[in-house]
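>>> Sequence first, then the predicted structure, then my questions.
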Amino acid sequence: MFATKVKSYAKVNLSLNINGTAGGYHLIDSVVVPIDVCDTVRAKPRRDSLINVYMHGMGSESIPPEKNNAVKAGEAFAAAFGTRGADIEIYKDIPIGAGLGGSSADAAGVLNALAKMYKVTDRAALKAIADSLGSDTGYMLGGGFARISGRGERVEPLAGMPLHMLLILPPTSVSAGECYREYDAAPDAPRTDSARLAEALAAGDFAGVAQNVYNALAAPACRLNADVAEALAQAAAFSPSAYGVSGSGSAVFALFESEELCRWAKSRYRGKFRTRVVAAKPAAKMSLRNPFAL
């Protein structure tokens, strides 16, 4: 029997602007929202210091341990807090390499599971570990509606409103590093202001949210992966309120005013990619502000 269980939710970038670089990292300004797709992390304590991570689903079984952020998170946790090790199982539902934060969600999920199991309450220390593992891992610790900036380590919680999207999920991925390099070769001036999008979310202004959807990495992702360009064209064909790429891709989202319209679009989709209707809900409804919520 596993001692703890937590869920770690995927995210969608409604906006993603790039504001230069510092220290070799790109500086971003992004409004992110949680969606009701999650990976489940189960953990039980060991008597020794070993961290064992067993992956299940979405092809995750082939991830080498030395490249698995979930393993790095567990090892960093044990080293920082002097705890024993753990046997950890991760059941994936977040697609890999889709720009939905799957790797970061797993790392954050491991940190939250081990913190719960070993009764660690120092959230600042956990956040520092998370930030060392990836640009949005710190955000994933708590999830929710947020505006993230800097390298992604600055997280400003936002008021939210229910949002409904159709995800179009190409099976191929986009390397985030390659996508940023492609952006650097042909940078784009910011077309929207994340502050306006945040204000629209707080006001429950759906039209304002839709008007400010933008991702500076969308064009580079399309140049690197024809599947992303195809998925964007398919999303546009449904005339949604807005559509875009999440992160560096390859997932594409179409934003509609209701779940019914999302399901209508899904029922009429004739493309070759997998689709999924998802929702972003305020924290009280998804319990995302409680990092140990089930």
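Received, thanks.

>>> residues touching S173, list them.
Neighbouring residues of S173 by Cβ atoms under 8 Å, 6 or more residues apart in numbering: I96, G97, A98, N225, G249, S250. The way it works is simple: take the backbone N, C-alpha and C, and place the C-beta from them, glycine included.

>>> meant to ask about V209
By Cβ under 8 Å, 6+ apart, the contact set of V209 is L14, M161, L163, L197, A200, L201, A242, L255.

>>> Provide the backbone phi and psi angles at the first one.
This means L14. phi -70, psi -30 (degrees, to the nearest 10).

>>> Count the neighbours of the residue lying closest to R46 once chain neighbours are set aside for me.
Spatial nearest neighbour of R46, excluding adjacent residues (Cβ to Cβ, 6 or more residues apart in numbering): G85 at 4.1 Å. Counted with other Cβ atoms under 10 Å, residues neighbouring G85 total 18.

>>> cool, and S62?
Using other Cβ under 10 Å, S62 has 7 other residues around it.

>>> Could you tell me the end-to-end distance of stretch 254-265?
Across its full length, stretch 254-265 reaches 9 Å end to end, with Cα to Cα, to the nearest Å as the criterion.

>>> got the residue ranges for the helices in the chain?
69-81, 102-117, 123-133, 137-142, 176-185, 194-203, 206-211, 218-224, 226-236, 259-268, 283-286 (DSSP state H).

>>> How far away from the center of its chain is the fourth one?
Helix 137-142 sits 9 Å away from the centroid of its parent chain (Cα atoms, centre = their mean, to the nearest Å).

>>> Widest-spaced pair of the contacts of V209?
Pairwise distances across those peak at 14.1 Å for M161 and A242 (criterion: Cβ to Cβ).

>>> Let's have the helices of the chain in JSON lines, adding mean pLDDT and distance to Y91.
Formatted as JSON lines, the helices of the chain follow (pLDDT from 0 to 100; distance: least, Cβ to Cβ, whole Å):
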{"stretch": "helix 69-81", "mean pLDDT": "98", "distance to Y91": "12"}
{"stretch": "helix 102-117", "mean pLDDT": "97", "distance to Y91": "10"}
{"stretch": "helix 123-133", "mean pLDDT": "96", "distance to Y91": "20"}
{"stretch": "helix 137-142", "mean pLDDT": "96", "distance to Y91": "17"}
{"stretch": "helix 176-185", "mean pLDDT": "95", "distance to Y91": "24"}
{"stretch": "helix 194-203", "mean pLDDT": "95", "distance to Y91": "30"}
{"stretch": "helix 206-211", "mean pLDDT": "97", "distance to Y91": "32"}
{"stretch": "helix 218-224", "mean pLDDT": "97", "distance to Y91": "28"}
{"stretch": "helix 226-236", "mean pLDDT": "98", "distance to Y91": "26"}
{"stretch": "helix 259-268", "mean pLDDT": "98", "distance to Y91": "24"}
{"stretch": "helix 283-286", "mean pLDDT": "52", "distance to Y91": "18"}
